[in-house]
Structures are given as C-alpha cells and as structure tokens.
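S.K.: Need coordinates for the below:
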Amino acid sequence: MAEIFFRTLPFFAIIGLGYWAGRSRFFTEEATAYLTRFVFYFPLSAMIFGFAANLSFAEVFDPTLILGYLAGTLAVYLLVTAVAMARGLDMPTAAVEAQCAAIGNVGFLGLPMMAILFGPASVAPMMVVLSVDLVVFSSLIVILINAGRGKGLGVATLKLVGLGLLKNPMILSIVAGLAWSASALPIPEPANDFLTILGGAATPGALFAIGASLASKSAERIRISGWLSFAKLVLHPACVAIAVLWLVPAAPFSAAVAIAAASLPVAGNVYMLAQHYGVAPHRASAAIFISTVLSIVTVPAVIAWVS
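M.R.: Numbers count the residues shown, from 1 in each chain. Presented below is the predicted three-dimensional model:
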C-alpha cells in the first residue's frame with residue numbers, strides 16, 4: 001500500500017496546490033469556474049476522444065462489466081435512498097444524497113489516475129464506468145427530482161434528460177472517438193499532435209480545478225456528510241466488488257479497475273446539480289470536501305487491495 005500511496009500522492013499534491021490557490025484567493029471563485037469550464041470542454045474532451053479513438057466498440061461494450069458495475073452502484077444508490085427516506089427526507093433530497101454515494105470523480109480524477117496506475121488497458125473499463133455514470137445516474141437524479149416536485153416523467157422531463165446527455169462533452173467525446181475508431185482511418189499526424197498537446201493539459205488542469213473548487217466548500221453537516229463519504233469511499237467499492245467478482249463476474253483486470261473507480265471521492269457535478277435545483281447543496285458540498293480529503297488514504301488502500 002505504501003508504494004501505491006506514493007504513486008497517488010502527486011495527484012493529491014496538485015489538488016492541494018489548487019486548494020491553496022483558491023483558499024489564498026490567488027484563484028478567485030470566478031477564475032476557478034472558468035478553469036473548470038476550460039478543462040471540461042477542451043483538454044478533457046481531447047483526452048477522452050484520443051483514448052476512445054484507439055479503442056474498438058467491443059472493448060468498451062463489455063456487457064458483463066456494465067451489468068456488474070451497474071448492479072453494484074445501484075445497490076449503494078438504493079441503500080442510501082432507503083436511509084434518507086427513513087429519516088423523513090423528500091425524494092429530491094434523497095436523490096441528491098444517493099448521487100453523492102454513487103457518482104465518483106471519474107472524469108477529472110479517475111481517468112488520468114487509473115491510466116497511470118493501471119496502464120493504457122484501464123481506459124476501456126474506465127470508459128464503461130464513466131458511461132454508466134453519465135447515461136444512467138446523471139439522468140436518474142433529474143428524473144427523481146422532477147418526480148418529487150410533481151412534474152412526473154413527462155415530455156418536458158425526458159427532453160431535459162435528453163438535452164443534458166446530448167450537450168455533455170464527455171459523452172460526445174466518447175461517441176466521436178468510437179466512431180472514428182470504427183472508421184479504421186488513422187488520425188492525421190497534425191491532428192494527433194493537437195490532441196496530445198491539448199489533452200496533456202487535462203490531468204494537471206483537472207486536478208488543480210478540483211482543489212481550487214474545494215476551497216469554496218465547507219465541512220458543514222459533518223454527521224450527514226460523513227455518512228455520505230463513508231457510503232462513497234467504502235460502501236460503493238464494496239458493493240461493486242461483490243457484483244463484479246461474484247454476482248456478475250467480470251474479467252479480473254476490468255473488475256479491479258471498476259472497483260478502484262468506485263472508490264473515488266464524490267464528483268463535483270453532484271454539487272452543481274444540487275445547486276442548480278436548489279436541493280441540499282450544502283451537504284453535497286461537504287460530502288465532496290470530506291470524501292476528497294479522506295480519499296488520500298482510502299483510494300490507495302482500495303487500489304492496493306485490487307492490485
């Protein structure tokens with residue numbers, strides 16, 4: 001575990017540097033928002049397209065891994081929802097808490113980290129994890145919040161979900177990359193250099209943006225956010241492990257990558273959704289902060305175990 005810890009330490013050190021920049025106001029909240037937007041739409045999209053363009057559809061479409069990861073994530077999602085409902089929370093708030101427990105920082109933190117720790121072969125299973133998170137659970141929270149507000153599963157809600165998927169640059173990058181791969185055309189050298197240079201900014205930019213955004217978040221509601229952090233860092237990888245190792249056994253390497261991906265801290269887009277809908281943004285913010293701090297220890301521990 002010590003070796004894995006020191007290999008992951010540079011990632012968290014860059015997050016820490018970003019946190020210092022945000023906390024000291026060297027990076028304002030406005031600057032952090034623009035940096036996040038830049039990374040999300042340009043370097044990260046270039047990196048994901050480059051990864052996907054070198055994969056075949058068969059490598060990404062792994063039904064066993066999809067079912068296993070989906071089953072494990074759905075299990076923790078339902079568990080946290082049940083606990084929230086038992087506490088008397090309404091459906092939108094329960095949905096935000098469940099999202100905290102199920103959606104990790106796969107795009108900004110997971111993809112670059114796993115590619116370095118597990119090698120290029122980890123990209124395909126990471127694409128599976130990212131696709132399930134984006135298509136299934138990012139749609140589910142919108143549906144549940146609208147249903148909880150009495151809007152139901154009408155045309156307006158389905159249109160909102162559909163537009164959200166169509167406008168997501170990570171989904172578009174995966175689809176475009178796989179389409180290019182299917183065409184069997186080589187990427188022209190200038191275009192490949194362009195993707196390499198632009199995509200190279202994704203890892204440091206994303207990690208720095210994570211840290212800078214944490215500076216504006218607080219650790220309020222410790223008891224609730226502590227429970228959500230425990231659910232994300234411990235229960236989620238445990239449920240995924242049970243699913244991909246025993247219930248729906250996947251290939252050992254793919255299973256290991258999926259379990260490691262499930263151990264990642266709460267994703268920042270959970271807070272953005274909570275803030276957009278005005279549903280429990282403070283507890284989402286606190287869960288992101290606490291889970292990210294604790295993940296410095298828990299993520300290496302899980303990766304060491306699956307390795």
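S.K.: how much space between V266 and G68?
M.R.: For V266, the distance to G68 (Cβ to Cβ, to the nearest Å) stands at 22 Å. Every residue, glycine included, has its C-beta placed from N, CA and C.
S.K.: Repeat that for Y19.
M.R.: Distance of Y19 to G68, computed by Cβ to Cβ: 34 Å.
S.K.: ditto for E189
M.R.: If you go by Cβ to Cβ, the gap between E189 and G68 works out to 39 Å.
S.K.: circling back: so V266 and G68 - more neighbours on which side?
M.R.: V266 (31 against 27; other Cβ atoms under 10 Å).
S.K.: mind listing what that one touches?
M.R.: By Cβ atoms under 8 Å, 6 or more residues apart in numbering, the residues touching V266 are C100, I103, G104, N105, L228, S229, K232, A284, A287, I288, S291, T292.
S.K.: ok, the second one touching L130?
M.R.: No - in this structure, I103 sits apart from L130 without contact. The criterion is Cβ atoms under 8 Å, and the distance is 10.4 Å.
S.K.: which one of those two has more residues nearby?
M.R.: Higher neighbour count among I103 and L130: I103, with 24 against 21, using other Cβ under 10 Å.
S.K.: Can you give the distance of the one helix or strand in the chain whose mean pLDDT sits lowest from its chain's centre?
M.R.: Ranked by mean pLDDT, DSSP states H and E, the helix or strand of the chain with the weakest confidence is helix 155-166, at a mean of 77. Centre-to-centre, helix 155-166 and its host chain are 20 Å apart (Cα atoms, centre = their mean, to the nearest Å).
S.K.: Next: stretch 158-172.
M.R.: Counting by Cα atoms, centre = their mean, stretch 158-172 comes out at 16 Å from the chain centroid.
S.K.: Ok, stretch 244-255 next?
M.R.: Distance, centroid of stretch 244-255 to centroid of chain: 20 Å (Cα atoms, centre = their mean).
S.K.: Now the terminal residues of stretch 142-162, how far apart.
M.R.: Chord length of stretch 142-162, first to last residue, is 11 Å (Cα to Cα, to the nearest Å).
S.K.: So what's the gap between it and the chain middle?
M.R.: Relative to its chain's centre, stretch 142-162 lies at 23 Å (Cα atoms, centre = their mean).
S.K.: Could you tell me how far the closest residue to S254 other than its chain neighbours is located from T64?
M.R.: Distance criterion Cβ to Cβ, 6 or more residues apart in numbering; nearest residue to S254, sequence neighbours excluded, is P125 at 4.3 Å. Taking Cβ to Cβ as the measure, P125 falls 11 Å from T64.
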